[in-house]
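Participant: predicted model and sequence below, questions to follow.
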Number of protein chains: 2
Amino acid sequence: MAAILVSSNKSFSGRQYVYKHSSSTLNCEMTFGIYVPEFSGSEKLPVLLYLSGLTCTHANFMEKSGFQQFASKYRFIVVHPDTSPRGVDIEGDSESWDFGKGAGFYLNATEPKWSKNYKMYDYITKELIHQTIPQIAPIDQQKIGIFGHSMGGHGALIIGLRNPEIFKSISAFAPICNPINVPWGKKAFSGYLGSDESTWLQYDASHLLKSYTGPHRHILIDQGEGDNFLAQLQPHTLKSSENAEIQVRLQPEFDHSYYFIASFIEDHFKHHLKNLA
Amino acid sequence: MAAILVSSNKSFSGRQYVYKHSSSTLNCEMTFGIYVPEFSGSEKLPVLLYLSGLTCTHANFMEKSGFQQFASKYRFIVVHPDTSPRGVDIEGDSESWDFGKGAGFYLNATEPKWSKNYKMYDYITKELIHQTIPQIAPIDQQKIGIFGHSMGGHGALIIGLRNPEIFKSISAFAPICNPINVPWGKKAFSGYLGSDESTWLQYDASHLLKSYTGPHRHILIDQGEGDNFLAQLQPHTLKSSENAEIQVRLQPEFDHSYYFIASFIEDHFKHHLKNLA
């Protein structure tokens, strides 16, 4: 079903839009944001997909990162979806902030209770970027990058590494790097995927890097040294492999907030511009 | 009483702080934000005071404008207070979004019901900038500018024009320019000041401009042409006078939101930098 426009605000050279649509992957109505800079009639523009962290909706990045300035300057369409299915109520989906609503972890759930709706991996990699967005904005399918923050940084890494034919550039702010070994990831993966931990590996960035054989990637990661969640994030577990070069920049004093993201987001636009050129 | 630190986040070169303090002017506890860029030991920095619009707190500008990037780049301390007294409950202060809480209109109320607390004019011009802020940040008292949005644009204009010895640079986003003649202003001024309209004139920018005899001011105003509140704002009523040159820039398609403010805020920092030099 076609996406329905919820709001439109002029911002820098272009417009910040919010849409809702009925997702056939998630079996519910979803809201997402998209910024489109000024463009000429037949032009196709590169796209960045931004994945948000725990508790966020499409709105946090839109309101707090200041990204529109750089999407306008460097001429990117930017798509920023929600972090879980919404508008369906499943017992246990609202009891904690790190599981269920606002905490989809960008995977395809296999446990029966969650598997009808919690398929954010397919939603992002198939429906949103290939079906929904091309109907509303002039995207260049050959120039798609992905980035995100915290749980969304995890999402960007695992989705980018597993789908190099779609996502040709990757970066992250304070990503969850080794979810199979930290409380956030263990809770989410056991809930959505069940107790067989071998099924968890496909969603663990530090594991995926070891076997990555796709085209060469330079992956930029910014991590605040004052981040209270370092024990959940474990950036040291990301090791460069032959085809994937990991650059972790430790930023003194910065925490886990959008003040941190805003301070470095221009560098991420430059990174994707270079890597999608 | 000394201000108490509520939060501190590293942002660009400096830090975004939130403080609360007991205001002797307003007779209640108030929260305000202040951004301080990196500075060397004995340095004094220029200051911008930003006044927010109806319904806002100190937080909207802090979270949505992206101002920290330019406060860091152009090296300004930026102070952004709340829009009304808080933490006191007066009958009728919460019934509408354009009167009472979140709607102090930067005046000194004279009606007995409001006059104990609703003295935002004195709070801004006396207590905050001269007593509270100097205790927590190294401000250069000779380089203070003022700006704001909507009701806060009105505040910036009237406070700046009436106190040229304090505020040496003025700008505004979509200010309420002629409050004595529009519904927002009539409601607020009759409520806070009573029915004698002659007392309203001291808080009307278009009126104050006619008699302004202070040092020369170039006042920058940005106004979105797609702003739904144009009938309340009336930018055409601002006329340049001998000592005050008004520059209204009409911005096609832009609305009344923080997307509009974010799109042009760098120009306002440049304006104040030039006018405070």
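Facilitator: Now that the structure is in, tell me what you want to look at.

Participant: quick one: low-confidence residue ranges for chain A.
Facilitator: A:1 (pLDDT under 70).

Participant: go with 50
Facilitator: In the prediction, chain A carries no residues with pLDDT under 50.

Participant: what are the ranges of the helices in it?
Facilitator: A:59-64, A:67-74, A:112-115, A:120-122, A:151-162, A:183-193, A:205-210, A:230-233, A:258-275 (DSSP state H).

Participant: so which of the ones you listed gets nearest chain B?
Facilitator: For the helices of chain A, proximity to chain B was assessed by Cβ to the nearest Cβ; helix A:258-275 is nearest, at 4.0 Å. Just so you know, the C-beta spots here come from the backbone N, C-alpha and C atoms, and that holds for glycine as well.

Participant: list the buried residues for the closest one?
Facilitator: A:258-266, A:268-269, A:271-273, A:275 (16 or more other Cβ atoms under 10 Å in any protein chain shown).

Participant: check stretch A:118-126 too.
Facilitator: A:118, A:119, A:120, A:121, A:123, A:124, A:125, A:126.

Participant: how about stretch A:241-253?
Facilitator: A:241, A:244, A:246, A:248, A:251.

Participant: what are the bridge partners for the fourth one, then?
Facilitator: Residue A:248 has the following beta-bridge partners by DSSP bridges: residue A:221.

Participant: so which of the buried residues of helix A:258-275 are also by chain B?
Facilitator: A:258, A:259, A:260, A:262, A:263 (Cβ under 8 Å from any Cβ of the partner chain).

Participant: possible to save those residues as a markdown table with distance to residue B:168?
Facilitator: Compiled in a markdown table, those are given as follows (distance: Cβ to Cβ, whole Å):
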| residue | distance to residue B:168 |
| --- | --- |
| A:258 | 33 |
| A:259 | 29 |
| A:260 | 34 |
| A:262 | 29 |
| A:263 | 30 |
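
Participant: nearest to residue B:223 among the buried residues of helix A:258-275?
Facilitator: residue A:262 (26.0 Å; Cβ to Cβ).

Participant: doesn't residue A:61 make contact with that closest one?
Facilitator: No: judged on Cβ atoms under 8 Å, residue A:262 makes no contact with residue A:61 at a distance of 10.1 Å.

Participant: what sits against the residue in the stretch 51-200 of chain A positioned nearest to chain B?
Facilitator: At 3.5 Å from chain B, residue A:66 is the closest residue in the stretch 51-200 of chain A, using Cβ to the nearest Cβ. Residue A:66 sits next to A:262, A:265, B:66, B:69, B:262 when contact means Cβ atoms under 8 Å, 6 or more residues apart in numbering or on different chains.

Participant: ditto for residue A:188
Facilitator: Residues in contact with residue A:188 (Cβ under 8 Å, 6+ apart) are A:98, A:99, A:103, A:105, A:107, A:179.

Participant: pull out the buried members of the residues you listed.
Facilitator: Buried among the contacts of residue A:188 (16+ other Cβ under 10 Å): A:98, A:99, A:103, A:105, A:107, A:179.

Participant: now these in CSV, with distance to chain B?
Facilitator: Listed next are the buried ones among the contacts of residue A:188 as CSV, based on distance: Cβ to the nearest Cβ, whole Å:
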residue, distance to chain B
A:98, 22
A:99, 26
A:103, 22
A:105, 26
A:107, 30
A:179, 26
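
Participant: now for these: which two are most distant?
Facilitator: A:98 and A:107 (14.0 Å).

Participant: what's the most distant pair in the buried residues of helix A:258-275?
Facilitator: Longest span within the buried residues of helix A:258-275, Cβ to Cβ: A:259 and A:275, 25.6 Å.

Participant: got the residues of chain A near chain B?
Facilitator: A:9-12, A:16, A:63-64, A:66, A:68-69, A:224, A:226, A:253-255, A:257-260, A:262-263.

Participant: let's see 6 Å
Facilitator: By the rule Cβ under 6 Å from any Cβ of the partner chain, the part of chain A lying against chain B is A:9-12, A:16, A:63-64, A:66, A:253-255, A:257, A:259, A:263.

Participant: most surrounded residue in these?
Facilitator: Highest neighbour count within the residues of chain A next to chain B, by other Cβ atoms under 10 Å in any protein chain shown: residue A:11, with 27 neighbours.

Participant: who does it bridge with?
Facilitator: Assigned bridge partners for residue A:11, using DSSP bridges, are residue A:14.

Participant: for residue A:4, give me its contacts.
Facilitator: residue A:20 (Cβ atoms under 6 Å, 6 or more residues apart in numbering or on different chains).

Participant: go again using 10 Å as the cut-off
Facilitator: Neighbour list for residue A:4: A:18, A:19, A:20, A:21, A:22, A:29, A:31 [criterion: Cβ atoms under 10 Å, 6 or more residues apart in numbering or on different chains].

Participant: wait, doesn't the last one sit right on residue A:21?
Facilitator: Yes: the pair residue A:31 / residue A:21 is scored as a contact, 8.3 Å apart, by Cβ atoms under 10 Å.

Participant: any shared contact partners between these two?
Facilitator: By Cβ under 10 Å, 6+ apart, the residues touching both residue A:31 and residue A:21 are A:3, A:4.

Participant: with that, I have no additional questions.
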